[in-house]
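>>> With the input below, show me the fold.
(chains A and B)
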Amino acid sequence: MAAEAISRALRDGALEGEHAPALTIKDSIHAPLGAFVFDHILAQLSSNISSSKSQAQLRIVDCYTDPLGWKSQLAESGIVSNRSTQNATTASLCKNARDLDMLFSSIVELGKEVIRETKGRFAVAIDSVSEILRHASISSAASLLSNLRSHDQVACLFWLFHSDLHEMKASSALEYISSMVACVEPISNTTNGKGMNSENLPLIEQNLGRGKFSVRFKRRNGRIRLMSEELHTEQMGINFVPAFEDYVTSQSLVPKVQFSLQLSEKERNDRAKVVLPFEHQGDGKPIQIYDGRRSVSESKTENKETNAEKMHVNEDSGRGEIIYIRDSDDEMPDSDEDPDDDLDI
Amino acid sequence: MMSSNSANNLLDEALGFNDECGGGGGGLLLLIEDRVETSGAFILHHLIKRRLSSPNRPNDVVVFLSFAHPFSHYDRILRKMGCNLGVQKENKRFVYYDMLNLNYPDGEKGAEDLLLSVYGKIQKTVELCSSREGYKNSTIMIDDISLMEVALCGSSNLVLDFLHYCYSLATQFDCLVIILNHEDVYSTVDVPSPLLQMEYLANIVIKAEPLATGLATDVHGQLTVLNKGICQGSGCSKSKIRNFHFRVKENCVEYFYPGSRT
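Residues are numbered from 1 along each chain as shown, chains lettered A, B, ... in the order given. From the prediction side, this is the model:
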């Protein structure tokens, strides 16, 4: 299953001589389930760490409470109380989300604090890179993620990203840095992405609770592995199930008319068995050329053979056949090229 | 068919605010999107009245930032609905900020300092109320976001920063943040629209749109309420979408499902 493969890759950490595995979790407003996936991955990673070593410790760099230092400024000037900037002891407050160098230092410092006794490595989870991109450029954000990925004490790294909030180049830049890209897409395609009409509403509501979950793994040798499944939100989290063809949806797209527009299973199989008459593809038989001057006896023989073939065809009705006889040797064997390509109109 | 004067109309049911006294919705952000053909202002007026009409919650306040109209505009409308904003203002339950007549400095830094000052006043007000006995929820309302962006020299980033801070205040002090924005203002924007950022941030999105069939005398438009559900310790509630029609009358608004009007 794709989600399990992700968890295993993150748990296993960096391979020898490689940077830490990095996962992008990507979603959009039409399938806003990325946060659920993020929470699930975080829980799985914490559980894996706990089962293998000592208790998993969580440290938070809080870029949510006061990202621009407004509350601190107001507290210092006595306008508001100081309690709004106080946090739990496990959180380090970031007051300038625009300074990504400072953010990197905070992350590394907290990480080293966590692994001080175990002398292992730490994992980094970012919720979300879209928020980072509100305060910093894509190049700064990409630099932050690259530096984290290449840090020798970072075991793995994953982040959430809302693809429709940014330009394509931002999405591409993040995917280049990632060794895994998990994409959440709508389970149902609405007829009009913007409009809310009575036809779309059930589909939109369905997309709020279910989604397609596609994962692209980038292997060390450059090969790509694709996995996909479905995810369903439940009261206590999400559940991943194998993907299956939505037969009902595909059937409903065929217009209801009195004649058959689709092939039956037998017809599909028969069509697959037909050997195309193109000579360069061949079927092992000698190529026949008709020169227009055959004797009657030859034509009768041919007719008998043709009839025999026809009878043979009738007996073996499961095999379709196209008989093609080339008119002359001057005629070039059929190819895949379009003979009209050289026209200059 | 239910009018806005009844205890629970279709809009209130769709919003899912469980408090019978008109409160609830603490720690949430509600986004109202409207269009030129279907103004969503009536939803703001309805929510102002609901939040102020509970006599058992004397310490709850409505902080109102107006970029669109003067106080007299809202006072006149709410009087027809049976709510005296003047009295509520004197009782410090309705805190009105006239953002229309502020002197906006040039440059983004000056605008950010001004926003910081406005935010400071809001936080101080909410902190003061929350410390009083019997406090339940407060409400922060902004009318409207597109005019706020104009006032800030087109800086949607500053608007989003301000909303972020209001939202963090909402989660800390159990407030409800309500913002009104115009969907068609952003329809020709090429880059990812700031409206999309707000849709991500919002817990509840109400869209006021015209009917697909066009103008009608008896039905003024349709509302679609997307309630993303709440995640608490016991789990997450399911996201829900509701769609119904509305008709704006002199003193109230009628809400009804399509085809249910006689």
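>>> So B:Y96 lies in a strand, does it not?
Yes: counting by DSSP: H, G, I helix; E, B strand; the rest coil, B:Y96 is found in a strand.
>>> ok, how many other residues are close to it?
Using other C-beta atoms under 10 Å in any protein chain shown, the number of residues around B:Y96 comes to 18. Any C-beta I mention is one placed from the backbone N, CA and C, and that applies to glycine too.
>>> Might you list the low-confidence residue ranges for the chain?
Going with chain A. Filtered on pLDDT under 70, chain A yields the residue ranges A:52-56, A:82-90, A:190-199, A:244-258, A:275-321, A:324, A:326-345.
>>> Hmm, no, I was thinking of chain B.
Along chain B, the parts satisfying pLDDT under 70 run over B:1-8, B:18-25, B:55-56, B:188-190, B:230-236, B:261-262.
>>> Spell out which residues of it are next to chain A.
Contacts of chain B with chain A, taken as C-beta under 8 Å from any C-beta of the partner chain, map to B:116, B:119-120, B:123-124, B:127, B:157, B:160-161, B:164-165, B:168-169, B:172, B:191-192, B:196-197, B:199-200, B:207, B:209, B:212, B:222, B:224, B:226, B:228, B:234-241, B:243, B:258.
>>> and with 7 Å instead?
Chain B comes close to chain A at residues B:116, B:119-120, B:123-124, B:127, B:157, B:160-161, B:165, B:168, B:172, B:191-192, B:196-197, B:199-200, B:207, B:209, B:212, B:224, B:235-236, B:238-241, B:243, as judged by C-beta under 7 Å from any C-beta of the partner chain.
>>> in the stretch 151-262 of chain B, which spans are strands?
Ranges of strands within the stretch 151-262 of chain B are B:175-182, B:204-209, B:221-227, B:231-232, B:235-236, B:240-248, B:253-256, based on DSSP state E, counting those that start in this stretch.
>>> which one of these is the most hemmed in?
For the strands of the stretch 151-262 of chain B, the largest average neighbour count (mean count of other C-beta atoms under 10 Å in any protein chain shown) is found in strand B:175-182, namely a mean of 25.
>>> strands paired with it, and their directions?
Using DSSP bridges, the strands paired with strand B:175-182 are strand B:28-34 (parallel), strand B:138-143 (parallel).
>>> just checking, next helix/strand downstream of the first one?
Right, strand B:28-34. Later in the chain than strand B:28-34, the nearest helix or strand by DSSP states H and E is helix B:41-52.
>>> Distance from the chain centre to that next one, please.
Here the centre of helix B:41-52 is set off from its chain's centre by 8 Å, with C-alpha atoms, centre = their mean, to the nearest Å.
>>> Give the partner strands of whichever helix or strand comes after it in its sheet and their orientations.
On the C-terminal side of helix B:41-52, the closest following helix or strand by DSSP H and E is strand B:62-66. The pairing partners recorded for strand B:62-66 under DSSP bridges are strand B:94-98 (parallel), strand B:138-143 (parallel).
>>> who in the stretch 101-250 of chain A is up against chain B?
A:134, A:162, A:164-167, A:196-198, A:201, A:204-205, A:208-209, A:235-236.
>>> Buried among the residues you listed? Need that as a selection in ChimeraX.
Buried residues within these, by 16 or more other C-beta atoms under 10 Å in any protein chain shown, are selected in ChimeraX with:
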select /A:134,162,164,165,166,196,197,201,204,205,208,209
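>>> so of the residues of the stretch 101-250 of chain A next to chain B, which ones are in strands?
Judged by DSSP state E, strands contain the following of these: A:H162.
>>> hey, where'd the strands end up in the stretch 51-200 of chain A?
A:60-62, A:91-93, A:122-126, A:154-162, A:180-186.
>>> taking the ones you listed together, which one is wrapped up most tightly?
Comparing the strands of the stretch 51-200 of chain A by mean neighbour count (mean count of other C-beta under 10 Å), strand A:154-162 ranks first with a mean of 24.
>>> State the number of residues packed around A:N221.
Neighbour count for A:N221, taken as other C-beta under 10 Å: 5.
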